[in-house]
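Chemist: Sequence and predicted structure below; questions after.
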Amino acid sequence: MAYCHIVENRRAGQEQFEQLKAHLSATSPFPPDGQMLLIAGPAEPGWRVITVWESEEKLEHFYTERFPAACQAAGIGSLDDMQRTIFEVKALVAGDLVGAPQPA
């Protein structure tokens with residue numbers, strides 16, 4: 001079963017997201033094992049990241065094992081400071097993503 005994870009951080013922005021992503025890319029494969037989709041952009045206020053994972057176990061493994069160090073490196077606090085929503089994906093439909101922005 002796939003799971004969607006939405007994180008909103010009121011104190012972060014694109015710069016902190018890029019720092020977090022750079023730390024993750026430098027320390028292990030990016031995207032992480034089990035991550036199927038990542039969408040990120042501004043929220044009011046702060047920054048929102050939406051990810052879809054192959055399983056709840058892979059999602060939780062990432063957020064317990066890799067995410068805390070990346071947050072510390074980007075100076076954005078801990079996951080406890082962020083609003084989280086997790087739900088089982090019942091449908092995922094995507095059109096042509098060829099023109100979508102790709103991670104650097």
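Modeler: Everything's here; your move.
Chemist: Tell me the confidence at the residue lying closest to residue 68 once chain neighbours are set aside?
Modeler: Distance criterion Cβ to Cβ, 6 or more residues apart in numbering; nearest residue to residue 68, sequence neighbours excluded, is residue 78 at 6.5 Å. Where you see a C-beta, it was placed from the backbone N, CA and C, and this is true even at glycine. We have a pLDDT of 82 for residue 78.
Chemist: Could you identify the longest helix within this protein?
Modeler: When the chain is parsed with DSSP state H, its longest helix is helix 14-27.
Chemist: how many neighbours does the residue nearest to residue 68 have?
Modeler: 10 (other Cβ atoms under 10 Å).
Chemist: where does it fall, phi/psi-wise?
Modeler: Here is the backbone geometry of residue 78 (degrees, to the nearest 10): phi -110, psi 170.
Chemist: Was I right to think it contacts residue 70?
Modeler: No: using Cβ atoms under 8 Å, residue 78 is not in contact with residue 70, being 10.9 Å away.
Chemist: mind checking the end-to-end distance for stretch 36-51?
Modeler: Using Cα to Cα, to the nearest Å, one end of stretch 36-51 lies 7 Å from the other.
Chemist: er, stretch 4-17 I mean
Modeler: One end of stretch 4-17 sits 19 Å from the other (Cα to Cα).
Chemist: Off-centre distance for that stretch?
Modeler: Relative to its parent chain, stretch 4-17 has a centroid offset of 8 Å by Cα atoms, centre = their mean, to the nearest Å.
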